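K.L.:
whatever this is, show me its structure:
(chains A and B)
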Amino acid sequence: MPLATELRERFNIHPDPGAAVIALAGNPNTGKSTIFNALTGLKQHTGNWPGKTVLQTQGTFHFGGKKYILVDLPGTYSLLANSAEEIVTRDFLCFARPDATVVVTDATCLERNLNLALQVMEITSKVIVCVNFIDEARRKNIFIDVDCLARELGVPVVVTAARNGLGLTELKAGIDALARGQIVTSPRRLIYDPDIEEAVARLEEKIPGEIKEWINARWLALRIIDHDRSTLDNIRQYFKVPEWGVLRERYKYCPT
Amino acid sequence: MFYVSGINTAPPEAGPGVVNEAHQLEIRDRIVKTIYREAEAIAARVVRQTGPHRDWEHKVDDILTSRLLGFPIMFLLLGLAFWITLVGANYPSQLLAKALFWGEERLSEVFVRLDAPPWLHGLVVTGVYRTAAWVVSVMLPPMAIFFSIFALLEDLGYLPRVAFNIDPLFKMAGTQGKQALTMSMGFGCNAAGVMACRIIESPRERLIAILTNNFVPCNGRFPTLIALTSIFVGPAAAPGFSSLAASFTVVGLILAGILITLLTSWLLSRTILKGVPTTFTLELPPLRLPQVGRVLVRSVLDRTLFVLARAVTVAAPAGAVVWLLANISFEGQSLLARGAGLLEPFGRALGLDGFILLAFILGLPANEIVLPILLMGYLSAGTMVEVDSLNVLQNILVHGHGWTWLTALCTMLFSLLHFPCGTTLFTIQRETKSIRWAVWAAVIPLAVAGLVCFAVAQTVRSLGLV
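P.N.:
Numbers count the residues shown, from 1 in each chain, chains lettered A, B, ... in the order given. Down below sits the predicted model:
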């Protein structure tokens, strides 16, 4: 089993014992870059995601005496289709295991954005949802019940108007509390159709313990049922899995 | 939205042993439905909408993307952008030129005081410094203005609407509308346009977009186009309308470039890059009032200075090389003049002359030095000349070297269509990880430029119009 820092280094995150790694996810056009720039200022550098022609931007900021490495993930609508952006986002959440993940959403079209938030929450529980463009939503007579949203999702919710710099301190404080473990989340669990749930329950047991340590077993079971070949291939690439044969035989997923 | 694309892009190479595909899609379908249902349920509890919603925005969108008005609005905006650039860049350009050439005199004085040999002074001051100064003074003001206008349109959310408008045309050409976005990036800099092609997922369509990106003029070529239209079109227009006429001539050239982009894409997708166009989902983001201050700062810092720095680093050594070519004589003729002599028949056939063709070849490192090299060749002064006013330029071209409107037209067409600059070719090599494609990216445009110029020149001549 590779070390945590080793896996992170594969995503160009240089080991820094004192620093926490924060991922920034969100749909395109949600002001993700504005938030990234506002948090990191000029302390950023760009490169490519490993093996992909997708731009990677990293930056750092300090809060409460702690150093944070902020990684801007590509804008995506989902983690299910297999565009390069979606694969990068999913793999980073899955294998680099950020200490906290911010899902940036657009207050003026929250429903569409929640699809991604729910999918991210299936992979990692350390999620904070940032509802951006709140000023614009108000202008359009859209009101968001933030407390209710936080209750429904089971994760902290911060409201921002990043273009005007509103809510950024609260966002940093939320990230900080989440990364330090001061906030414990209980992300809403999506309940699928009964036959899928039954298969998931059976499969979860079969997933080798060493993989469970790293990857949310329920999410992985769903991917196996979903025959998500790219996820499974990448797991094989990152971990050596002795017991993989069990899964292959039972669920007819046949990695070559 | 991703409901559809999720299914389309489900694991493509389902190997042996994967259970039947319909079943697999059905499961994916149900998983996605559950996620959507939950998101909808949460939103219903959390979001409250009072009063009408985005009404004016829909109306504006309907106009911007309407069949009737979509294209005219696009061309008007483009024309307006050039007009502002042309009018606005004039004065700062002159000011910069004055300042930089004042600097050249001071530099010369230093050389004299140090008793430096004349060849060193020639190489450094009249070769390197003067070329770099030309590039800065000619490029910086239009670039800063045009990039800023472009960045504002981008921040406003107008560009995705352009892609939406143009998408049907690209579909007919066998590719897709995202190419419209990468094409627009090419207006700034073709290397940036090639980099932007990363947003196109299908490798086939990405290659087509990369190979045809140079057909829109980049910043290095705008000064050439603008100077030539100002000389040959402006005076022909009614007084007071010369800069307007010149702007819309540039727009006309750009339309020609877009047409060639579509034709070449069509040809490529039917020959070496066959395939069916993929669909793509393009979100039309809400139109937002741009944050003028921040956008301007970022566009100047990120784009303008970046492109300028690169242009200068390329132009400076090129200036030294050209100075050497113009000053080293062989049998009483400079190497520059000899090269031009060799190229003369080819140039003539294309409606150009040997010097123009040679300038384009020597201008490979950076398009912005093509015009300076040409003047250096014409004047055989051995150094680049600073042409303060367009009248002087007109004199040199028309009276000194027999330019007609056909020469100007062919030069502009060749500039528009010929091979991309060295930086762009290098970027193409890096992006496609293949020298072969980089070579294609030079050969295809060269062939297109040659064919178009040849056809235009021969037609005009045989009709006796010149």
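
K.L.:
for the rest of this, base every contact and every neighbour count on C-alpha atoms.
P.N.:
Noted.

K.L.:
just list what the helix or strand hosting residue B:48 packs against, helices and strands only.
P.N.:
Following DSSP states H and E, one finds residue B:48 within strand B:47-49. Where contact means 3 or more Cα pairs under 8 Å, 6 or more residues apart in numbering or on different chains; DSSP states H and E, strand B:47-49 is packed against strand A:142-144.

K.L.:
so for the strand it packs on, mean pLDDT?
P.N.:
The predicted model gives strand A:142-144 an average pLDDT of 92.

K.L.:
after it comes which helix or strand?
P.N.:
With elements assigned by DSSP H and E, the helix or strand that comes after strand A:142-144 is helix A:146-153.

K.L.:
what's the domain layout of the chain?
P.N.:
The chain I'm using is chain A. With domains defined by automatic domain parsing, chain A comprises A:4-179, A:194-251.

K.L.:
hmm, no, I was thinking of chain B.
P.N.:
B:1-10+B:20-47, B:71-462.

K.L.:
now these in TSV, with distance to residue A:74 and mean pLDDT?
P.N.:
Converted to TSV, these look like this (distance: least, Cα to Cα, whole Å; pLDDT from 0 to 100):
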stretch	distance to residue A:74	mean pLDDT
domain B:1-10+B:20-47	16	68
domain B:71-462	11	84
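
K.L.:
quick one: the strands in the chain?
P.N.:
By default, I'm working from chain A. Using DSSP state E, the strands of chain A run over A:19-26, A:44-48, A:55-63, A:66-72, A:100-106, A:127-132, A:142-144, A:157-159.

K.L.:
wrong one, chain B
P.N.:
Under the criterion DSSP E, chain B contains strands at B:47-49, B:329-330, B:333-334.

K.L.:
contacts for the longest one, please.
P.N.:
Strand B:47-49 is contacted from outside by A:110, A:141, A:142, A:143, A:144, A:145, using Cα atoms under 8 Å, 6 or more residues apart in numbering or on different chains.

K.L.:
now the closest residue to the fifth one other than its chain neighbours: how far from residue B:293?
P.N.:
When you say that, I think you mean residue A:144. Of all residues not flanking residue A:144 in the chain, residue B:47 sits nearest, at 4.7 Å (Cα to Cα, 6 or more residues apart in numbering or on different chains). Going from residue B:47 to residue B:293 by Cα to Cα, to the nearest Å gives 32 Å.

K.L.:
who has more neighbours, the two?
P.N.:
Legend: neighbour count by other Cα atoms under 10 Å in any protein chain shown for residue B:47 and residue B:293, higher for residue B:47 (20 against 9).

K.L.:
list the contacts for the nearest residue to residue B:270 once chain neighbours are set aside?
P.N.:
Among residues not flanking residue B:270 along the chain, residue B:174 sits closest, at 7.9 Å (Cα to Cα, 6+ apart). Counting by Cα under 8 Å, 6+ apart, residue B:174 makes contact with B:265, B:266, B:269, B:270, B:275, B:276, B:277.

K.L.:
what about residue B:401, how many residues nearby?
P.N.:
The number of residues near residue B:401, taken as other Cα under 10 Å, comes to 13.

K.L.:
cool, and residue A:47?
P.N.:
Here the number of neighbours of residue A:47 (other Cα under 10 Å) works out to 12.

K.L.:
for it, what are its contacts?
P.N.:
When contacts are counted by Cα under 8 Å, 6+ apart, residue A:47 touches A:55, A:56, A:57.

K.L.:
burial of the second one, as a residue count?
P.N.:
Spelled out, that is residue A:56. Neighbours of residue A:56 using other Cα under 10 Å come to 19.

K.L.:
over to residue B:249?
P.N.:
19.

K.L.:
same question, residue A:69
P.N.:
22.

K.L.:
one step back: among the strands of chain A, which is nearest residue B:407?
P.N.:
strand A:55-63 (43.1 Å; Cα to Cα).

K.L.:
I figured residue A:40 hits residue A:57, correct?
P.N.:
No - in this structure, residue A:40 is not within contact of residue A:57 by Cα atoms under 8 Å, at 10.7 Å.

K.L.:
the residue lying closest to residue B:264 once chain neighbours are set aside and residue B:195, how far apart?
P.N.:
Counting by Cα to Cα, 6+ apart, residue B:264 lies nearest to residue B:212, which is 7.0 Å off, once chain neighbours are set aside. Distance, residue B:212 to residue B:195, using Cα to Cα: 13 Å.

K.L.:
who's in contact with residue A:54?
P.N.:
By Cα under 8 Å, 6+ apart, residue A:54 lies in contact with A:48, A:74, A:84, A:85, B:198.

K.L.:
please redo it, this time with the cut-off set to 6 Å
P.N.:
residue A:48 (Cα atoms under 6 Å, 6 or more residues apart in numbering or on different chains).

K.L.:
and it, how far is that from residue A:46?
P.N.:
Look at residue A:54 and residue A:46: by Cα to Cα, they are 11 Å apart.

K.L.:
same thing with residue B:409?
P.N.:
Distance from residue B:409 to residue A:46, by Cα to Cα: 42 Å.

K.L.:
alright, that wraps it up for me.
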